[in-house]
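**Student:** how would this look folded up:
(one chain, ligands or ions: 1)
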Amino acid sequence: MLTSSVAPLAVAVLSVVLLSILWTQRARRSHLPPGPPPLPILGNLLDIPRKLCVADYQPLADKYGDVVYLNAVTQSIVVLGTYAGASELLDKRSSRYSDRPSLVMASLIGGDWLIPYSGYTDLWRQRRKRFHEFFSATAIREYAHAQEVGARALVRLLLSTPENYFDNVEFAFGSTIFSSVYGIDISSPNDEYLVMADEVMRIIKEAYTPGKFLVEVFPWMRHVPAWLPGMSFKRKAAEWSILLQEMRNKAFDAAFDKARRGDISPCVLTAILDKGSNQRQLSEDEEALARDVCGVAYLGASQGSSSTFFTFLYAMALHPDVQRRAQAEIDIVVGRSRLPLMSDRPALPYIDALVNECLRWMPTAQLGVPHRSMADDEYNGYLIPKGTLVLTNTRAIGRSKEHYVDPDEFRPERFLKDGQLNRDILSPRAYAFGFGRRICPGMHFGEASLFITIASVLHALTIRPGLDEHGRPSLPSSEDVPMKDGFLTYVSLRPRKASTYVLCADTPKYLATCSRRGLEPTVVTVGARTSIEDTRS
Ligand code: HEM
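**Tutor:** Below you'll find the model as predicted:
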């Protein structure tokens with residue numbers, strides 16, 4: 001009796017609850033930013049460009065505007081196309097937008113300490129704070145020498161094997177960060193630390209590719225035994241976690257040993273040791289933190305600097321006028337008998353402007369690195385739901401007419417006024433290195449490395465278009481040039497005429513040693529031009 005009278009009431013209540021849920025969801029959806037209409041269940045999965053690369057994404061931006069909303073099954077994605085939008089959300093409201101997407105594979109490979117990928121956690125805050133201490137604008141002055149040595153190593157390699165410039169560039173930036181962090185000099189691309197770090201980079205790329213592993217869609221799979229069919233991801237993760245730990249510890253242990261013996265040049269590790277609670281001794285926690293900070297530096301650094309340098313090479317081949325102007329500035333300030341030094345930087349504003357222009361014209365992370373929102377938010381009347389992945393179209397910002405005149409042109413002088421950097425023009429460091437609490441903590445190091453490497457290479461070499469199969473100069477349009485791959489065959493490097501200098505790691509010391517021992521510095525003839533090269537390494 002009771003049952004028969006309650007049943008209709010229960011059905012009515014349930015219907016009201018369901019309707020109100022549906023109504024709320026619909027109302028929420030109607031406040032979302034514009035985007036392609038979603039399909040049932042899949043959402044916009046089929047609209048999302050496979051690699052979410054900027055060229056594929058642009059038609060969506062052209063159609064739906066500066067804030068585009070996409071939904072991949074259950075994952076909300078927002079792509080911001082203006083500096084104002086990105087700065088408002090990611091800089092000003094940084095406390096709500098500083099998380100990262102969390103991936104099961106990341107925790108299976110033990111990657112919680114990897115600053116770029118970890119969530120907005122206490123562990124991340126601690127590591128990031130420590131990282132910043134050793135890579136602030138002031139702290140990086142300590143590594144100027146290592147950066148100069150790296151730039152010279154690259155010049156030497158490019159003079160001897162210009163056709164291998166791709167590997168040479170990657171090696172030079174990799175070895176520079178290694179010696180800045182661990183005080184370890186790396187003399188060959190086959191060095192075990194470098195090989196290991198590159199392998200780890202490859203693993204990280206694979207492990208952090210969204211949708212690559214089914215376990216990201218069905219997280220319960222992580223609890224299924226590894227020997228069952230379809231569980232190869234678990235075996236992979238176990239192997240990878242060993243490699244990741246090896247990479248974190250091997251160079252650190254070797255450098256730590258050298259530091260204890262006092263047999264190491266100033267580097268991040270020595271700076272950490274000097275700041276430790278007890279001279280050159282670290283507590284267990286301090287040591288774990290130090291291992292993480294040092295390990296992350298190589299992984300963070302390796303991508304940004306070299307891909308911006310490839311942009312530079314391409315831009316120089318395309319714009320010989322810019323190249324000539326940059327070389328003229330270097331020749332006047334530095335002269336032809338030595339390579340540029342970091343201390344020349346204040347007198348080389350055009351080179352600084354050139355670095356800026358490379359970062360603006362083709363930013364490395366063209367859709368930024370995803371930030372994840374931590375609470376519902378509202379922007380320009382649109383709802384940005386909690387858990388949304390926010391991407392920034394940094395390429396569109398760099399090419400925006402709102403900030404730059406003739407934005408598609410490669411013109412470093414846009415950043416200069418009265419021979420100095422013009423602070424009124426939006427600097428690419430405001431977006432090319434990301435935003436807010438997640439902004440790249442290695443930006444000062446990265447910029448300085450680019451400056452000295454670009455100045456040194458321009459001093460020694462001329463960059464020209466590569467040749468096509470008929471031997472004619474050929475350069476694809478910038479739209480067709482991928483950031484790295486496929487870009488190799490298009491540039492050729494030639495030594496500049498009439499420059500003679502010493503290409504060794506520590507020129508004054510080398511010359512002093514030569515004169516003390518009554519030795520002549522080694523002279524090597526390269527192409528049309530004579531240079532003096534240190535053959536010790
Ligand atoms: C031209 C060179 C570089 C460029 C263009 C660049 C760009 C970026 C970008 C776009 C991000 C993502 C920021 C965000 O999420 O908003 C980032 C993060 C990061 N970068 Fe760089 N970077 C460069 C050099 C370096 C160097 C030299 C280091 C290390 C010494 C480094 C270490 C890092 C780290 C650790 C993060 C993660 C920050 C976090 O998630 O909290 N980067 N970088």
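**Student:** any idea how far the residue sitting nearest the centre point of the chain lies from the ligand?
**Tutor:** The residue lying closest to the centre of the chain (Cα atoms, centre = their mean) is residue 304, at 3.1 Å. Counting by Cβ to the nearest ligand atom, to the nearest Å, the gap from residue 304 to the ligand is 2 Å. (Each C-beta comes from the backbone N, C-alpha and C, glycine too.)
**Student:** Where does that residue fall, secondary structure wise?
**Tutor:** helix 284-318 (DSSP states H and E).
**Student:** same thing with residue 152?
**Tutor:** Here residue 152 is assigned to helix 144-160, by DSSP H and E.
**Student:** mind listing what's buried in that helix?
**Tutor:** If you call a residue buried by 16 or more other Cβ atoms under 10 Å, then helix 144-160 has these buried ones: 144-159.
**Student:** Return the residues of the stretch 51-200 of the chain in contact with the ligand.
**Tutor:** Neighbours of the ligand within the stretch 51-200 of the chain, by Cβ under 6 Å from any ligand atom: 115-116, 128, 131, 135.
**Student:** ok, and the most crowded of the residues you listed?
**Tutor:** Ranked by the number of neighbours (other Cβ atoms under 10 Å), these place residue 135 first, at 25 neighbours.
**Student:** about what we covered before: which strands or helices does the helix holding residue 152 pack on?
**Tutor:** helix 165-182, helix 443-460, strand 461-467 (3 or more Cβ pairs under 8 Å, 6 or more residues apart in numbering; DSSP states H and E).
**Student:** make it 7 Å
**Tutor:** Here helix 144-160 touches helix 165-182, helix 443-460, going by 3 or more Cβ pairs under 7 Å, 6 or more residues apart in numbering; DSSP states H and E.
**Student:** hang on, the earlier thing: excluding its own residues, what touches the next helix or strand after the helix holding residue 304? List them.
**Tutor:** Sequence order places helix 320-334 as the next helix or strand after helix 284-318, per DSSP H and E. With contact meaning Cβ atoms under 7 Å, 6 or more residues apart in numbering, helix 320-334 is reached by 316, 340, 344, 347-348, 350-351, 354, 410, 412, 455, 458-459, 463.
**Student:** could you dump helix 320-334 to CSV, C-alpha only?
**Tutor:** C-alpha atoms of helix 320-334 as CSV (Å, rounded to 0.1, in the frame of the first residue of the first chain):
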residue,chain,number,x,y,z
PRO,A,320,70.7,37.9,-46.3
ASP,A,321,70.2,41.6,-45.6
VAL,A,322,69.4,40.9,-41.9
GLN,A,323,72.4,38.6,-41.8
ARG,A,324,74.7,41.3,-43.2
ARG,A,325,73.5,43.9,-40.8
ALA,A,326,74.0,41.6,-37.8
GLN,A,327,77.5,40.6,-39.0
ALA,A,328,78.4,44.3,-39.5
GLU,A,329,77.4,45.1,-35.9
ILE,A,330,79.5,42.2,-34.7
ASP,A,331,82.5,43.1,-36.8
ILE,A,332,82.5,46.7,-35.5
VAL,A,333,82.1,45.8,-31.9
VAL,A,334,84.0,42.6,-31.7
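**Student:** Could you give me the buried positions within that helix?
**Tutor:** Of the residues in helix 320-334, those buried (16+ other Cβ under 10 Å) are 322-323, 326-327, 329-330, 333-334.
**Student:** residue contacts, the residue in the stretch 51-200 of the chain positioned nearest to the ligand?
**Tutor:** Among the residues of the stretch 51-200 of the chain, residue 116 lies closest to the ligand, at 3.5 Å counting by Cβ to the nearest ligand atom. Residue 116 sits next to 300, 369 when contact means Cβ under 7 Å, 6+ apart.
**Student:** all strands in the stretch 51-200 of the chain, in order from the N-terminus.
**Tutor:** Residue ranges of the strands in the stretch 51-200 of the chain, as given by DSSP state E, counting those that start in this stretch, are 67-72, 75-80.
**Student:** Show me what the last one pairs with in its sheet, parallel or antiparallel.
**Tutor:** Right, strand 75-80. strand 67-72 (antiparallel), strand 389-392 (parallel) (DSSP bridges).
**Student:** Among the ones you listed, show the one with the smallest mean pLDDT.
**Tutor:** For the strands paired with strand 75-80, the weakest mean pLDDT is recorded on strand 67-72, namely a mean of 89.
**Student:** which residues are contacting that strand?
**Tutor:** Against strand 67-72 from outside (Cβ under 7 Å, 6+ apart): 32-35, 38, 43-45, 47-48, 60-61, 77-80, 85, 379-380, 382.
**Student:** Now which of those residues would you call buried?
**Tutor:** Among the contacts of strand 67-72, the ones that count as buried by 16+ other Cβ under 10 Å are 32-33, 35, 38, 43-44, 47-48, 60-61, 77-80, 85, 379.
**Student:** Narrow those residues to those in helices?
**Tutor:** 60-61, 85 (DSSP state H).
**Student:** Which residues of this protein lie near the ligand?
**Tutor:** So far as Cβ under 6 Å from any ligand atom goes, the chain lies against the ligand at 115-116, 128, 131, 135, 296-297, 300-301, 304-305, 308, 364-365, 368-369, 371, 432-435, 438-442, 445-446, 450.
**Student:** Repeat the analysis, applying 5 Å as the threshold.
**Tutor:** Taking Cβ under 5 Å from any ligand atom as the measure of proximity, the chain contacts the ligand at 115-116, 297, 300-301, 304-305, 308, 364-365, 369, 433-435, 438, 440, 442, 445-446.
**Student:** so residue 425 makes contact with residue 417?
**Tutor:** No - counting by Cβ atoms under 7 Å, residue 425 does not reach residue 417; the two are 8.2 Å apart.
**Student:** Comparing the two, which residue is more hemmed in?
**Tutor:** residue 425 (17 against 13).
**Student:** Any regions of this protein where pLDDT drops low?
**Tutor:** Within the chain, the segments meeting pLDDT under 70 span 1-6, 13, 15-30, 49-55, 210-211, 276-280, 302, 467-469, 471-491, 494-537.
**Student:** how about 50 then?
**Tutor:** 1-2, 482-489, 498-507, 521-537 (pLDDT under 50).
**Student:** ok, back up a step: next, give me the two most distant ones among the buried residues of helix 144-160.
**Tutor:** 144 and 159 (22.8 Å; Cβ to Cβ).
**Student:** out of the contacts of helix 320-334, who has the most neighbours?
**Tutor:** residue 455 (30 neighbours).
**Student:** Verify the contact between that residue and residue 352 for me.
**Tutor:** No - taking Cβ under 7 Å as the definition, residue 455 is not a contact partner of residue 352, at 9.6 Å.
**Student:** can you list residues touching both of those two?
**Tutor:** By Cβ under 7 Å, 6+ apart, no residue touches both residue 455 and residue 352.
**Student:** contacting residues around the closest residue to residue 384 other than its chain neighbours?
**Tutor:** Sequence neighbours aside, residue 377 is the residue nearest to residue 384 in space, at 4.5 Å (criterion: Cβ to Cβ, 6 or more residues apart in numbering). By Cβ under 7 Å, 6+ apart, the residues touching residue 377 are 93, 96, 384.
**Student:** which residues in the stretch 401-537 of the chain form strands?
**Tutor:** Counting by DSSP E, counting those that start in this stretch, the strands of the stretch 401-537 of the chain are 416-417, 420-421, 461-467, 473-474, 491-495, 523-526, 529-532.
**Student:** Spatially, which two of the residues of the stretch 51-200 of the chain next to the ligand are the most separated?
**Tutor:** 116 and 135 (13.4 Å).
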